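[1] Pasting the sequence and the predicted model now:
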Amino acid sequence: MKPDVDISAAMARILISLVLALLVLQCQQGNDYLLVIDTSGSMAFDVDSEGVPGAGGTLNLIQSDIQDFVKKMNKGDSLTLITFDDTVHRGPRILIQKDADREAVIHQVQQLEAQGRYTDMGSMLSMLKAISSSQKEQGRQQYIIVMSDGKDDPPPAAAKRQPLELRDYSESPQGVNPAIPYVDRSYVYYVSLGKMQDPELVDALSEITDQEVQVVQPGNTAANDSSGDPSDAGSQNGAGSGLTDVHSKIEKNDLAARLRYWSLWIVAVIAGILLFLLLWWLWSLFRNRHTPQGSLVYYDETMGPNMKETRELDKLSRARFSIGSKSGVDVKIRDLGIKSLFLRAGRQEGRNVLLVWDKKNVGLFQFRKQARQGMISSGDEFKLGNCIIKYVDGADE
């Protein structure tokens, strides 16, 4: 066995290394974004404070803001584009690894055109639920961003369907499931681009996720709740598409969620370290149940027994003690051949004995008298380096 090391310092280094490794691992997990954009005809216009179509374009605002939004995504994030009007279209899941991936996302959005005659939210919600479920990966946070300026207006072929039943889209009808880790949850942002929010859409989105839907109105941070109250609506003029507001909210939520998630791992690691230290302490108690008794009487062979010295072992409170030529050892002798070696206390047939700690050093002991093989008993005499040493246990005399 090897000599003891500073266990506290070693455990501290292990703890720090594990925590840093966990932080790096979690930073590398990434987020998954589902960007849902309404491409019905009304998205080709802006809506001024009077609710009259203007000369601008709501979809154009999204296309202007998407570049900045995508640039703020981290390596390892992914984005899936979903568009809906008369029908629902799903784009590929693009994993952000290099600038070309960001450009691919930007190109997808900038190629969109607002030409749909209808706004089929029911079909969009069905596909959104399926995509959200299929793409959810453990350890990755999912953010769903739904951007629309209108209400559910399905095409004639779907107009005869039953009214939107929110329970049909329910992932967690009992509300937030506390058993779901923070980074394994989905967060939904409804960007209301029209003058009026759609309460039905807010409710339906609430049933898809186990979190509260956050309603974002461009330029109106006070109205970012899920109430759907039209009086909270803000003007679109000069406010942008709302992607900047969404990104700010995601940054805050992402940091808070990851800190909570990391804290669980850190607590688990600390608990493991404490358990290890407890077991180590119990083992040390067991290992140190015997402390050295008696004394070592020794002298330099070149100087003769008249110059002998005595080292009382009873004063040592630990089971192991050192002999050697370096400073700080318990019994100092010169010309040992190595800087130090260790002996430990033991019991054999009710008597106190000494045992060599590291068996590879047994050959250094040249016994002149030895009562039992493999140990040093009271009365045994041996040569170690340039010293003649005798072990004397007063209890045996």
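    Received, thanks. Numbers count the residues shown, from 1 in each chain.

[2] quick one: buried residues of stretch 67-80?
    For stretch 67-80, the buried set under the neighbour-count rule, 16 or more other CB atoms under 10 Å, comprises 67, 69-70, 73, 77-80. All C-beta spots, glycine's among them, are computed from the backbone N, C-alpha and C.

[3] cool, and stretch 361-373?
    Buried-residue list, stretch 361-373, by 16+ other CB under 10 Å: 361, 364-365.

[4] now, which of the buried residues of stretch 67-80 lie within helices?
    The helices, defined by DSSP state H, take in 67, 69-70 from the buried residues of stretch 67-80.

[5] I'd like those residues laid out as a markdown table, including distance to D330 and pLDDT.
    Formatted as a markdown table, these follow (distance: CB to CB, whole Å; pLDDT from 0 to 100):
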| residue | distance to D330 | pLDDT |
| --- | --- | --- |
| Q67 | 72 | 94 |
| F69 | 68 | 94 |
| V70 | 68 | 95 |
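
[6] Closest one of those residues to P218?
    When those are ranked by distance to P218 (CB to CB), F69 comes first, at 12.9 Å.

[7] ok, that closest one to A157 distance?
    34 Å (CB to CB, to the nearest Å).

[8] With V297 instead?
    Taking CB to CB, one finds V297 at 106 Å from A157.

[9] more crowded one of these two?
    V297 (16 against 10; other CB atoms under 10 Å).

[10] need the contact list for the closest residue to that one other than its chain neighbours.
    Leaving aside its chain neighbours, V297 sits nearest to K390 (4.8 Å; criterion: CB to CB, 6 or more residues apart in numbering). By CB atoms under 8 Å, 6 or more residues apart in numbering, the contact set of K390 is 296-298, 379-381.

[11] Redo those as CSV? Include secondary structure.
    As requested, the contacts of K390 are exported to CSV (DSSP: H, G, I helix; E, B strand; the rest coil):
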residue, secondary structure
L296, strand
V297, strand
Y298, strand
G379, coil
D380, coil
E381, strand
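
[12] picking that back up, L341: which of the buried residues of stretch 67-80 is nearest?
    Once CB to CB is applied, the member of the buried residues of stretch 67-80 that ends up nearest L341 is D77, at 58.0 Å.

[13] Please tell me the pLDDT value assigned to that closest one.
    Among the per-residue scores, D77 holds a pLDDT of 93.

[14] Distance-wise, check it relative to S378.
    73 Å.

[15] Counting neighbours, what do you get for D99?
    The burial count for D99: 9, using other CB under 10 Å.

[16] What separation is there between it and K71?
    D99 is 9 Å from K71, by CB to CB.

[17] shouldn't G242 be in contact with Y190?
    No: if you go by CB atoms under 8 Å, G242 and Y190 don't touch, sitting 9.7 Å apart.

[18] quick one: common contacting residues for those two?
    V216.

[19] which residues of the protein fall in helices?
    Under the criterion DSSP H, helices of the chain are mapped to 7-27, 58-71, 99-110, 121-135, 156-159, 199-208, 243-287.

[20] Now render the ones you listed as a markdown table, adding distance to G328.
    Shown next, in a markdown table, are these (distance: least, CB to CB, whole Å):
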| stretch | distance to G328 |
| --- | --- |
| helix 7-27 | 18 |
| helix 58-71 | 60 |
| helix 99-110 | 59 |
| helix 121-135 | 62 |
| helix 156-159 | 86 |
| helix 199-208 | 68 |
| helix 243-287 | 21 |
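
[21] Minimum distance to V356: which of these has it?
    The nearest among the helices of the chain, by CB to CB, is helix 243-287 at 15.3 Å.

[22] Report all helices and strands that that closest one contacts.
    Secondary-structure packing of helix 243-287 (3 or more CB pairs under 8 Å, 6 or more residues apart in numbering; DSSP states H and E): helix 7-27, helix 58-71, strand 141-148, strand 186-192, strand 214-216.

[23] Lowest average pLDDT across the ones you listed?
    Looking at those, the bottom one is helix 7-27 with a mean of 60.
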